[in-house]
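S.K.: Mind looking at a prediction? Sequence and model below.
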Amino acid sequence: MDKKHEVLKKYFGHSSFREGQEKIVDSLLSGSDALCIMPTGAGKSVCYQVPALIFEGITIVISPLISLMNDQVSSLVQAGIPAAYLNSSLTPVQYIRVLHNIESGKYKIIYVAPERLLTDNFLDICQRISISMVAIDEAHCVSQWGQDFRPSYLKIVEFIDSLDCRPIVGAFTATATKSVRDDILKILKLNDPFVITTGFDRPNLFFSVIRAKGKNDKLLELLEERRESSGIVYCATRKGVEEVCLLLNSKGFAATRYHAGLSDNERRKNQEDFVYDRKTVMVATNAFGMGIDKSNVSFVIHYNMPKNIESYYQEAGRAGRDGEEAECFLLYSPADVRTNQFLIENSEPNPELNGEQQENIKRLEHERLKYMTFYCTSNDCLRNFILKYFGEKQKSYCGKCSNCLTQYENIDATIDAQKILSCIVRTGQRYGRKMICDVLRGSKNEKLIRIGLDKQSTYGIMSETGENTIRNIMMCLEEQGYILSTAGEYPILKISPSCMEILRGNKKFEIKTAKEKYPKKKQKSVVDVSVDNDLFEKLKALRRELAEAANVPAYIVFSNAALTDMCKKLPLNKDEFLNVSGVGNKKTELYGEKFLKLIREHIEGREK
């Protein structure tokens with residue numbers, strides 16, 4: 001067995017690498033920089049942790065959130081890997097102790113917040129130790145084109161340049177469009193890097209967009225069907241989190257909350273309640289979740305539409321990280337678009353950016369919001385829409401999203417499209433969706449009457465058509481490039497040259513409408529008949545007991561996938577236990593005999 005496979009098995013309990021992992025490991029071990037784009041749950045951390053354990057020196061991992069570092073370091077320590085983190089959660093005494101231990105060579109992997117990189121004491125330590133590699137997690141944060149741009153990430157290059165000997169640099173992210181990938185390569189100054197994209201698809205996730213008038217009723221319906229499962233409900237605002245959490249608790253759900261308006265202590269307690277399974281539902285803003293490797297999150301519900309596809313896919317991807325079947329629901333209403341437009345326009349200015357840069361970021365955010373809205377209103381395959389957005393082509397039918405499981409028919413909407421396009425033209429291409437809808441439906445809106453739009457020839461020509469129907473046709477026209485909308489909180493509709501073919505009657509315009517909705521009940525995963533459910537529940541109970549004793553989340557002890565493999569392989573001794581996927585030497589030493597004893601007793605009881 002070569003060194004990389006020996007490390008993979010000894011510390012992480014796996015006999016083989018997942019798709020793409022070995023190529024990345026080989027590249028880093030050969031001394032090459034690397035840019036790795038892999039979907040959430042694909043095992044990005046292993047790609048730099050395995051080389052880190054083989055290199056002679058220390059590996060610095062730059063990570064954006066405290067929760068991410070805590071989770072990663074806890075997992076490493078449980079696996080027998082000496083690791084630590086430097087961030088604001090440490091007291092001054094703890095911080096100094098970690099710095100001392102770094103200089104003494106007690107750690108192989110150190111996680112550092114980007115804000116700490118250029119502090120005098122950390123820089124001083126780095127000049128006196130051997131740094132073999134710098135791994136940059138969530139590397140998309142370095143790009144202004146990305147959804148999570150963090151100016152502190154721009155300090156990374158300055159930190160690397162300050163070192164006497166340039167280490168190998170690896171950049172890792174799950175969500176990056178082509179422009180973001182190019183930015184990462186340029187800004188981080190990666191040296192002739194190995195670049196790999198293993199694909200963005202998460203085949204174990206089911207995607208659904210639900211256009212519900214009563215979001216609370218639909219949310220309660222979804223949660224009632226999943227009352228025994230663990231999941232996250234994302235809301236756009238702090239107020240939304242408070243209201244939804246209160247609603248769920250009033251209906252008997254074990255829910256807790258997380259947003260930036262809570263104290264550090266409450267956020268920490270609530271996060272631990274969820275991670276340790278004391279609460280089954282976390283209601284949160286997007287401030288929660290990055291780096292949380294909780295393996296039994298079986299659903300993610302977005303109560304509001306996020307601002308962009310990147311954020312949505314990252315947040316939805318917190319379901320099913322262990323490869324088990326999971327579900328992602330998005331409750332959509334047109335009001336979500338207006339809320340996000342307001343949030344973009346009224347976001348706190350970044351003091352590290354000038355006015356022109358601030359406006360450029362707002363423009364990009366409005367453009368990303370447009371594609372997020374297209375996703376929510378599309379009748380095409382949802383999975384394909386996401387993959388296409390990230391530049392990856394897929395088949396038009398995935399069979400695991402609400403649109404693919406809905407029966408549609410094509411309707412000729414040419415005449416309605418002509419009416420809408422004509423109204424935009426005749427009103428001077430000066431108004432947004434709401435005003436165009438009001439004109440077409442013959443509204444008595446005071447402003448409309450005052451500026452004389454009731455005198456337009458298109459006034460009232462769609463008075464028998466519902467506003468939602470008109471908006472849906474508008475969105476289809478925009479998605480196909482016949483309508484253009486300006487950026488800003490109040491976008492204005494304009495026509496594109498290509499729409500003239502429709503206006504002149506030379507081209508038919510069709511839309512898809514639902515004939516039969518997909519089944520509303522929970523999507524069932526294929527039952528694995530090789531797994532003894534009684535034994536699985538016993539193993540879970542033992543895992544929970546051991547996790548509580550070690551004061552770590554249950555998934556840190558063993559993932560559900562590892563417990564499932566124990567049920568299949570039924571190991572009876574230490575060597576057989578080491579053959580279970582996800583079981584390494586340290587965990588065998590810590591927990592092996594207890595799990596083996598339980599499995600033996602279960603088999604003996606079954607044979608009596």
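M.R.: Noted; the coordinates are in hand.

S.K.: Tell me the buried residues in stretch 440-454?
M.R.: Neighbour counts using 16 or more other CB atoms under 10 Å place 440-443, 445, 448, 453-454 of stretch 440-454 among the buried residues. Every residue, glycine included, has its C-beta placed from N, CA and C.

S.K.: Contacts for it, please.
M.R.: The contact list for stretch 440-454 (CB atoms under 8 Å, 6 or more residues apart in numbering) reads 419-420, 423, 427, 435, 437-439, 458-463, 465, 467, 470.

S.K.: And those, which of them are buried?
M.R.: Looks like the contacts of stretch 440-454 have 419-420, 423, 427, 435, 437-439, 458-459, 461-462, 465, 467, 470 buried, using 16+ other CB under 10 Å.

S.K.: residue ranges with poor pLDDT in the stretch 501-608 of the chain?
M.R.: Filtered on pLDDT under 70, the stretch 501-608 of the chain yields the residue ranges 515-530, 607-608.

S.K.: What segments of it are helices?
M.R.: If DSSP state H, counting those that start in this stretch is used as the criterion, the helices of the stretch 501-608 of the chain fall at 533-550, 554-557, 560-569, 574-578, 585-587, 593-607.

S.K.: so which helix or strand takes in the closest residue to residue 262 other than its chain neighbours?
M.R.: The shortest distance from residue 262 to any non-neighbouring residue, by CB to CB, 6 or more residues apart in numbering, is to residue 270 (7.4 Å). Taking DSSP states H and E as the definition, residue 270 sits inside helix 264-275.

S.K.: now do residue 331
M.R.: Under the assignment here (DSSP H and E), residue 331 is part of strand 326-332.

S.K.: List the buried residues for the next helix or strand after that strand?
M.R.: Heading C-terminal from strand 326-332, the first helix or strand you meet, by DSSP H and E, is helix 334-345. Buried residues in helix 334-345, counted by 16+ other CB under 10 Å: 334, 336-337, 339-341, 344.

S.K.: List just the nearest of those to residue 253.
M.R.: Using CB to CB, residue 336 comes nearest to residue 253 of the buried residues of helix 334-345, at 22.9 Å.

S.K.: quick one: contacts for the closest one?
M.R.: 236, 304-305, 376.

S.K.: ok, now residue 373?
M.R.: Applying CB under 8 Å, 6+ apart, the residues near residue 373 are 305, 337, 475.

S.K.: how near is the last one to residue 600?
M.R.: Spelled out, it's residue 475. Relative to residue 600, residue 475 is positioned 61 Å away (criterion: CB to CB, to the nearest Å).

S.K.: More neighbours: these two, which one.
M.R.: residue 475 (21 against 14; other CB atoms under 10 Å).

S.K.: The residue nearest to that one when sequence neighbours are not counted: neighbouring residues, count only.
M.R.: Nearest residue to residue 475 in three dimensions, chain neighbours excluded: residue 377, at 4.5 Å (CB to CB, 6+ apart). Around residue 377 there are 19 other residues, counting by other CB under 10 Å.

S.K.: Low-confidence ranges, the stretch 51-200 of the chain, go.
M.R.: 146-147.

S.K.: in it, which spans are strands?
M.R.: For the stretch 51-200 of the chain, the strands defined by DSSP state E, counting those that start in this stretch occupy 58-62, 83-86, 109-112, 131-136, 168-173, 194-197.

S.K.: Tell me the neighbouring strands of the last one, and mark each as parallel or antiparallel.
M.R.: Paired with strand 194-197 in the same sheet, following DSSP bridges, are strand 34-37 (parallel).

S.K.: now do the fourth one
M.R.: Taking DSSP bridges as the criterion, strand 131-136 forms sheet pairs with strand 58-62 (parallel), strand 168-173 (parallel).

S.K.: Convert the last one to PDB, retaining C-alpha atoms only.
M.R.: It stands for strand 168-173. Extracted in PDB, the C-alpha atoms of strand 168-173 (Å, rounded to 0.1, in the frame of the first residue of the first chain):
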ATOM      1  CA  ILE A 168       2.400  24.700  -2.300                       C
ATOM      2  CA  VAL A 169      -1.000  26.400  -2.600                       C
ATOM      3  CA  GLY A 170      -4.300  24.600  -3.000                       C
ATOM      4  CA  ALA A 171      -7.600  26.400  -3.500                       C
ATOM      5  CA  PHE A 172     -10.900  24.600  -2.900                       C
ATOM      6  CA  THR A 173     -14.600  25.500  -3.500                       C
END
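
S.K.: now it, how far from the centre of its chain.
M.R.: 19 Å (CA atoms, centre = their mean, to the nearest Å).

S.K.: And stretch 208-218, by the same measure?
M.R.: 21 Å.

S.K.: next one: stretch 210-223
M.R.: On CA atoms, centre = their mean, the centre of stretch 210-223 falls 22 Å from that of its chain.

S.K.: buried sites along it?
M.R.: Of the residues in stretch 210-223, those buried (16+ other CB under 10 Å) are 210, 212, 215, 218-219, 222-223.

S.K.: Give me the distance between the nearest residue to residue 322 once chain neighbours are set aside and residue 324.
M.R.: Computed as CB to CB, 6+ apart, the closest residue to residue 322 that is not its neighbour in sequence is residue 295, at 4.0 Å. Applying CB to CB, the value for residue 295 to residue 324 is 8 Å.

S.K.: residues shared between the contacts of those two?
M.R.: Counting by CB under 8 Å, 6+ apart, the residues touching both residue 295 and residue 324 are 560-561.

S.K.: These two: who's more crowded?
M.R.: More neighbours surround residue 295 than the other of residue 295 and residue 324, with 21 against 17 (other CB under 10 Å).

S.K.: For the more buried one, give me its contacts.
M.R.: Contacts of residue 295 were listed using CB under 8 Å, 6+ apart, and they are 321-322, 555, 559-561.

S.K.: Ranking by neighbours, what's the top pick from these?
M.R.: The residue in those with the most neighbours, by other CB under 10 Å, is residue 555 (25 neighbours).

S.K.: I'd guessed it sits against residue 276; true?
M.R.: No: Residue 555 is beyond contact range of residue 276, at 9.9 Å (criterion: CB atoms under 8 Å).
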